[in-house]
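Engineer: Got a sequence here, can you build the structure:
(one chain, ligands or ions: 3)
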Amino acid sequence: MNSQRIKELAYTVGFDLCGICSPEVIPEARERYYRWLELEYHAEMGYLAKDPIRRSDPSLLLDGARSVIMLGLNYYQPNSAETPMGYGRVARYARGKDYHKVVAKKTKEMIGLISDELGDRQVTPSPDDNDDSAESSGRAESELGDSASAMAGPDGTGTGEENGSRSRKEDVIPQQAAGHRNTRYPLGHREFRWFVDYGPMLERAYAEKAGLGYIGRNGLLISRQFGSWIFLSEIITSLELTADDPRAIKHGTCGTCKKCMEACPTGAIVEDRVVDSSKCISYLTIERPSQVPDDLAAKIGDRIFGCDVCQEVCPHNYQRQKMTKHEQFLSGGVGEFVDTRKVLAMQTREDFLALTAGTPLTRTRLEGMKRNAEIIQRSRRSNSLL
Ligand code: B12
Ligand code: SF4
Ligand code: SF4
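Structural biologist: Ligands and ions are numbered 1, 2, ... in the order given. Next comes the predicted model:
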């Protein structure tokens, strides 16, 4: 199978972008990542510092890795002009169904198609073949032959290998995995391992290497076709594929522009392409486990989950953003606004899940969501006093 066919299959399952690169270490990306850790810009996201050598070397993630297939999905959708009184705004990427599940499902579907064409696909159904949820289709060898392949959070909480929380699928697969590997697959057949978001991969650096875009001053991967409004996922494989030449596609540059750095409400873009997580509103509203210091809380404004400012001001995005064609990012989630009064009235985990189940917002847990709602209400009150 050649690279062209891989891309056709990616577009068949609905990916918007696909590029290929080799799995070797990218020295500059590794160096930047080590420095970022040294400066403690990962804040309390301890999983990012757990095994830096492995996290910056995809060839350690799969024996015999030859290629990395980088994939992108456009999630862009416009904002309404005003946030209604008493509501908090949700960043675009989190308004619909949990993207981990949506992207994971497509990624696995793609491995299934590749395996079919190579004649590798399992004919014997695995026990969870009837379950069509993204995390447990168990169809491709990557999942059956490698118990730690599924990184997407099965319950919408963003669990994965790094967070130490094992998925339901991972509980089921190990014994089967040994059996499949030894009895059903001939020696030398192709292997795949896939990740989305929480996997131990420097996704943006490999996406750039595979020609999907360039890394802007805001640290985001900006593609020629969709700007930066894209999710990334990847398949590491033992297939030998021709790599893309990233220089062949002109994605643009930042030139002298610094709009994202200037517009960031908290000054979190501390250098060109370097984000200090401890200041980033995305971190403060989603990942930070404890209370937000007052000086930073005062800059969160109406944002209840995530932040889009450094993408909204990017001139590349004005020109390139296109409405997503993926319905799952537009419906089936919490939408653009969350009522802070409703959040503050929630008493139990069940109340919280009634609003957030199956969406990225479960990540904050009830306590985090309440903290964010309080910050928004406080900021409304102090603004109305001005
Ligand atoms: C931890 C994390 C965060 C943290 C830290 C952010 C950060 N900048 O690192 C927080 C919580 C703050 C965060 C916020 C957001 N995140 Co986030 N996050 C991640 C995660 C899980 C790891 C990132 C990481 O490893 N950071 C460490 C730094 C050092 O590495 P890096 O960001 O990859 O940067 C590398 C490149 O910039 C490269 N590089 C830079 N310049 C150059 C030059 C050369 C020559 C080379 C070779 C390399 C190179 O070197 C760096 C080190 O390798 C990734 C998924 C993943 N597995 O990669 C998603 C991811 C980066 N996040 C994503 C998104 C969507 C967001 C938000 C937009 C969400 C929101 N709306 O609130 C914001 C954006 C904030 C921002 N401006 O970066 C997307 C980005 C997609 C894209 N188009 O780029 C990702 C890829 C998830 C996904 N699978 O789609 N995130
Ligand atoms: S997501 Fe918001 S807070 Fe974080 S770097 Fe971008 S503009 Fe700054
Ligand atoms: S806003 Fe300007 S500096 Fe920032 S990423 Fe976009 S083009 Fe680059």
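Engineer: Close to ligand 2: what parts of the stretch 251-386 of the chain are there?
Structural biologist: Proximity of the stretch 251-386 of the chain to ligand 2 (Cβ under 6 Å from any ligand atom) is limited to residues Cys264, Pro265, Thr266, Ala268, Ile269, Val275, Cys280, Ile281, Ser282, Cys307, Val309, Cys310. Backbone N, C-alpha and C define where each C-beta goes, glycine included.
Engineer: before we move on, what about the stretch 101-250 of the chain?
Structural biologist: Counting by Cβ under 6 Å from any ligand atom, the stretch 101-250 of the chain sits next to ligand 2 at Asn218.
Engineer: Show the low-confidence segments of the stretch 101-250 of the chain, by residue range.
Structural biologist: Of all residues in the stretch 101-250 of the chain, those with pLDDT under 70 make up the ranges 120-189.
Engineer: let's see 90
Structural biologist: Within the stretch 101-250 of the chain, the ranges that satisfy pLDDT under 90 run 115-191, 198, 249.
Engineer: All the helices of it, residue numbers only.
Structural biologist: 141-144, 168-179, 203-209 (DSSP state H, counting those that start in this stretch).
Engineer: Check the burial of Tyr87 by counting its neighbours.
Structural biologist: Look at Tyr87: counted by other Cβ atoms under 10 Å, it has 21 neighbours.
Engineer: what's it in contact with, if anything?
Structural biologist: By Cβ atoms under 8 Å, 6 or more residues apart in numbering, the residues touching Tyr87 are Asp302, Phe337, Val338, Asp339, Thr340.
Engineer: Next: Ile53.
Structural biologist: Leu60.
Engineer: returning to that earlier point: out of the residues of the stretch 251-386 of the chain next to ligand 2, which comes closest to Gly119?
Structural biologist: Ser282 (43.4 Å; Cβ to Cβ).
Engineer: what residues are up against that closest one?
Structural biologist: By Cβ under 8 Å, 6+ apart, the contact list for Ser282 reads Ala91, Gly306, Cys307.
Engineer: Take the residues you listed and keep only those in helices.
Structural biologist: Nothing among those maps onto helices, per DSSP state H.
Engineer: Which positions in the stretch 151-300 of the chain make contact with ligand 1?
Structural biologist: 196-197, 199, 201-205, 215, 218-221, 228, 230-232, 273, 275, 277, 280, 282-283, 287.
Engineer: hmm, back to that, quick one: which of the contacts of Tyr87 sit in helices?
Structural biologist: Using DSSP H, these in helices are Thr340.
Engineer: what about the closest residue to Leu232 other than its chain neighbours, how many neighbours?
Structural biologist: Leaving aside its chain neighbours, Leu232 sits nearest to Glu203 (4.4 Å; criterion: Cβ to Cβ, 6 or more residues apart in numbering). Counted with other Cβ under 10 Å, residues neighbouring Glu203 total 21.
Engineer: how close does Glu203 get to ligand 3?
Structural biologist: Distance, Glu203 to ligand 3, by Cβ to the nearest ligand atom, to the nearest Å: 17 Å.
Engineer: ditto for Thr340
Structural biologist: Applying Cβ to the nearest ligand atom, the value for Thr340 to ligand 3 is 30 Å.
Engineer: Number the chain from 24, please
Structural biologist: OK, 24 is where the count begins now, so the last one is Thr363.
Engineer: Enumerate every residue touching that residue.
Structural biologist: Thr363 neighbours (Cβ under 8 Å, 6+ apart): Gly109, Tyr110, Gly111, Ile327, Ala396, Glu397, Ile399, Gln400.
Engineer: so which of those is the most crowded?
Structural biologist: Highest count within the contacts of Thr363 by other Cβ under 10 Å belongs to Ile327, 28 neighbours.
Engineer: That residue in helix, strand or coil?
Structural biologist: strand (DSSP: H, G, I helix; E, B strand; the rest coil).
Engineer: wait, doesn't it sit right on Arg394?
Structural biologist: No. Using Cβ atoms under 8 Å, Ile327 makes no contact with Arg394, being 10.1 Å away.
Engineer: closest to ligand 2 among the contacts of Tyr110?
Structural biologist: Using Cβ to the nearest ligand atom, Asp325 is the member of the contacts of Tyr110 that sits closest to ligand 2, with 12.8 Å.
Engineer: neighbours around the closest residue to that closest one other than its chain neighbours, how many?
Structural biologist: Spatial nearest neighbour of Asp325, chain neighbours left out: Thr106 (4.4 Å); criterion: Cβ to Cβ, 6+ apart. By the criterion of other Cβ under 10 Å, Thr106 has 18 neighbours.
Engineer: about what we covered before: among the contacts of Thr363, name the ones in strands.
Structural biologist: Among the contacts of Thr363, DSSP state E puts Tyr110, Gly111, Ile327 in strands.
Engineer: Just the pLDDT at the first one, thanks.
Structural biologist: Predicted confidence (pLDDT) at Tyr110: the value is 96.
Engineer: With Ser103 as the reference, measure out to it.
Structural biologist: 10 Å (Cβ to Cβ, to the nearest Å).
Engineer: which residues in the stretch 274-409 of the chain form strands?
Structural biologist: Per DSSP state E, counting those that start in this stretch, the stretch 274-409 of the chain carries strands over the ranges 292-294, 297-298, 326-328, 360-362.
Engineer: Check those strands for me and report the most buried one.
Structural biologist: strand 326-328 (a mean of 26; mean count of other Cβ atoms under 10 Å).
Engineer: Tell me, how many residues neighbour Lys345?
Structural biologist: Neighbourhood size, Lys345 [other Cβ under 10 Å]: 12.
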